[in-house]
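Novice: Predicted model, plus sequence, below.
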Amino acid sequence: MLDKRIRQRRQVVGMTQPELAEKVHTTKQAISHYENSRSTPSKEMLILLANALETSTDYLLGLTEDPTPSHSEKQMDLTVLEKLAKQSPSIRRYVNNYKIGAIGYIQLLEGSLSDLATVREKQSV
């Protein structure tokens, strides 16, 4: 199921394997292996994939049919990613970019922002 969900979400968000690989700091071959069940992503990579694919780890793992991550899932993923950034400088930039997106998403859920355009506007500032 994980392989199909990774491929499906990548296609839904309109990314190629090389684009996804660049976004999560891995190779196109690794993405291909995940999508063809030749290897399984680590926990850390699963979180990076879920965030890049705008979904939750629960969805990728088949634990839910809803691809939209909940507020608590986004907050938990942000906490894990912050810990990873301290341990792995190679993903620090991704984590910082993700934090901007996650904060905007959380604000949207909480109603302090009116729409996604406002989120994107605030992210570019």
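Specialist: In hand now; what should we look at?

Novice: Only C-alpha atoms from now on, for both contacts and neighbour counts.
Specialist: Will do.

Novice: list the buried ones in stretch 25-43?
Specialist: Thr27, Lys28, Ala30, Ile31, Ser32, Tyr34, Glu35, Thr40, Pro41 (16 or more other C-alpha atoms under 10 Å).

Novice: Let me fix that, I meant to ask about stretch 39-57.
Specialist: Neighbour-count burial for stretch 39-57 flags 40-41, 46-57 (criterion: 16+ other C-alpha under 10 Å).

Novice: Now for the residues you listed: which two are most distant?
Specialist: Pairwise distances across those peak at 19.1 Å for Thr40 and Glu54 (criterion: C-alpha to C-alpha).

Novice: Helices of the chain, start to end?
Specialist: Along the chain, the stretches classed as helices by DSSP state H are 2-12, 17-23, 28-35, 43-52, 57-60, 71-87, 92-110, 116-124.

Novice: Quick check: closest non-adjacent residue to Lys4.
Specialist: Of all residues not flanking Lys4 in the chain, Glu35 sits nearest, at 6.3 Å (C-alpha to C-alpha, 6 or more residues apart in numbering).

Novice: Now that that neighbour has come up, it's in contact with Arg7, right?
Specialist: Yes: Glu35 is within contact range of Arg7, at 5.7 Å (criterion: C-alpha atoms under 8 Å).

Novice: picking that back up, of the buried residues of stretch 39-57, just say which sits nearest to Leu63.
Specialist: Thr57 (8.5 Å).
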